[in-house]
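Undergrad: dropping the sequence and predicted coords here.
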Amino acid sequence: MQIGKAEFWKYFEEISAIPHGSYNTDKISNYISEFAKVHNLEYVQDELGNVVIYKAATPGFEDRPSLCIQGHIDMVAVKTPDCNKDLLTEGLDLEVDGEWLKAKGTSLGGDDGIAVAYALSILASDKLEHPALEMVFTVNEEVAMEGAFGFDKNLLKSSTIINLDNETEGEFLTGCAGGAKIDIELPVERKLRTAMVYELKVSGLKGGHSGIDIADNRVSAATVISRFLCELKMARTRIIDVRFGEKDNVIANSGYIKFICSAPNSDVMEILDFYANVLKDEFKTREPELKIEYAYLGEQKEVNALHKADSERLMDFLWALPQGVDTFSADVPGLVETSVNIGVAELAEDRLTVKCLVRSSYDSAKQALCDKVVAVANLAGAKSRQYSDYPGWAYRVDSPIREKVINIYREMYGIEPVLTAIHAGVECGVFVEKLGDADCISFGPTMVDVHSVKERLNIPSSERVYEFLTELIKA
């Protein structure tokens, strides 16, 4: 298919044909390694699947310091409920919609496939001028930056890093939030009983990136589901099933509960009718496509539902867990300082599993919110595990790469670039911590609704940013 004019689109199509969700990156790692062999470039592929490709300086640039360009090769692989694609074994179906690139029925993986495509195009070119390059492709960034954490710093000589993992053209990151994951397991017991069975489905929420999009006050399915469960307590509800979300770093856009009630059917349906209308009205501006469907599933049935005490404990626990923005920055207007995303909840036979991701610009605030989540879990009698902590990336007062970015952007476009920090995590923080004194900048083309089935990558923006990147490398 014809996406755009630039050479890098060929590589974007090729990597999109390879399944590469987090923890499913062997094939794309091998593809990148094979690319290095075909182009006679020195490379290292480590045990995790991280790849570094080295390219010598072009004539006249041999005496300049080497430069590292870095991106990650995994994507958040999610799909619509009616999409039959197996994202573990099948590639994406790309389509062009005006000036936007998207994928049919799935996320696109522009985060961070565009970085991979840029890097491969630069490595393949014999027309670009540049110093010695170290192209770093990391695995499993979307699951707490595991590739970056496991990366051997001795594979790099560069002290300057260009990270290609931002999603707004003209915006250059100079700092980011750190994060931590929390998994919670709430033990439950069940009992066979005969009762009227109901189900409720929530869909149509925007979802999105739990770092970038959480500032927009998007509503999570965790909030809607827990609101209903809280209100249904008065109908003497026993839970059969609860589930929402797919990833801890994605705002849950759909959910489902199945339950029995000993209250009269008319009372239950009145509660469901009332709160469906209440929530649609509350969220009509933020979530205009919110859809709430519920039904009584017929005559009384024998079902294996949770005990009364466990049902009530589960309902209270989900309602008490914090969700969304905790604090906005007092220094940067509009920047989220600290947040938590309840990304996944799944009820099994004997336990409810919940997966959360906490982010903050301050390690102290991050830990404080983690402690609050764990405290709620403790009160409910649940077990919790905090792991995959990753550092934030602090603003560097003296940054030569930042000064080059400002000057070149002014020269090319006649306007000032936007320098900012971000509530999401990027791997710069890990590399700065590993290398000690690395000078980093992060940027990329415009994308919207990343980590979701609505993800889109702007085609003209991608080509402009590639042009800017090549000029920056030359400088």
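TA: Here it is on my side, so go on.
Undergrad: for this structure, which segments count as helices?
TA: Taking DSSP state H to define them, one finds helices in the chain at 8-16, 26-38, 110-124, 146-149, 221-232, 265-282, 308-320, 363-379, 400-413, 428-435, 459-474.
Undergrad: so which of these gets nearest V332?
TA: When the helices of the chain are compared for distance to V332 using Cβ to Cβ, the nearest one is helix 363-379, at 14.4 Å. Bear in mind the C-beta positions are built from the backbone N, C-alpha and C, glycine included.
Undergrad: neighbouring strands for the helix or strand bottoming out on mean pLDDT in the chain, and are they parallel or not?
TA: Using mean pLDDT, DSSP states H and E, strand 418-422 stands out as the lowest-scoring helix or strand of the chain, at a mean of 89. Counting by DSSP bridges, the strands paired with strand 418-422 are strand 171-176 (parallel).
Undergrad: what residues does the strand it pairs with touch?
TA: 163, 166, 361, 392-396, 399, 402, 405, 417-426, 428-429, 441-443 (Cβ atoms under 8 Å, 6 or more residues apart in numbering).
Undergrad: list only buried entries from those.
TA: Neighbour-count burial (16 or more other Cβ atoms under 10 Å) is assigned, among the contacts of strand 171-176, to 163, 166, 361, 392-393, 396, 399, 402, 405, 417, 419-426, 428-429, 441-443.
Undergrad: for D112, give me its contacts.
TA: Residues near D112 by Cβ under 8 Å, 6+ apart: 71-75, 141, 164-165, 444.
Undergrad: G91: which of the residues you listed is nearest?
TA: Closest to G91 out of those is M75 (11.3 Å), distances taken as Cβ to Cβ.
Undergrad: against A215, how distant is the closest one?
TA: For M75, the distance to A215 (Cβ to Cβ, to the nearest Å) stands at 22 Å.
Undergrad: likewise for E270?
TA: 36 Å.
Undergrad: more neighbours, those two?
TA: Neighbour totals were compared for E270 and A215, and A215 leads with 17 against 13 (other Cβ atoms under 10 Å).
Undergrad: now that one, nearest residue through space, not along the chain?
TA: V336 (4.8 Å; Cβ to Cβ, 6 or more residues apart in numbering).
Undergrad: between the two ends of stretch 104-111, how far is it?
TA: 16 Å (Cα to Cα, to the nearest Å).
Undergrad: I meant to write stretch 1-14 there.
TA: End-to-end distance (Cα to Cα), stretch 1-14: 11 Å.
Undergrad: tell me the buried residues in that stretch?
TA: For stretch 1-14, by 16+ other Cβ under 10 Å, it's 3-4, 6, 8-9, 11-14.
Undergrad: could you find the lowest-pLDDT member of the residues you listed?
TA: Within the buried residues of stretch 1-14, pLDDT reaches its minimum at G4, with 89.
Undergrad: please report the distance of it from E463.
TA: Counting by Cβ to Cβ, the gap from G4 to E463 is 6 Å.
Undergrad: also Y275?
TA: Distance from Y275 to E463, by Cβ to Cβ: 48 Å.
Undergrad: out of those two, which sits in the busier spot?
TA: Y275 (20 against 17).
Undergrad: wait, what's in contact with V188?
TA: V188 touches 306-307, 310, 313-314, 347, 350-352, counting by Cβ under 8 Å, 6+ apart.
Undergrad: having no further points to raise, I will conclude here.
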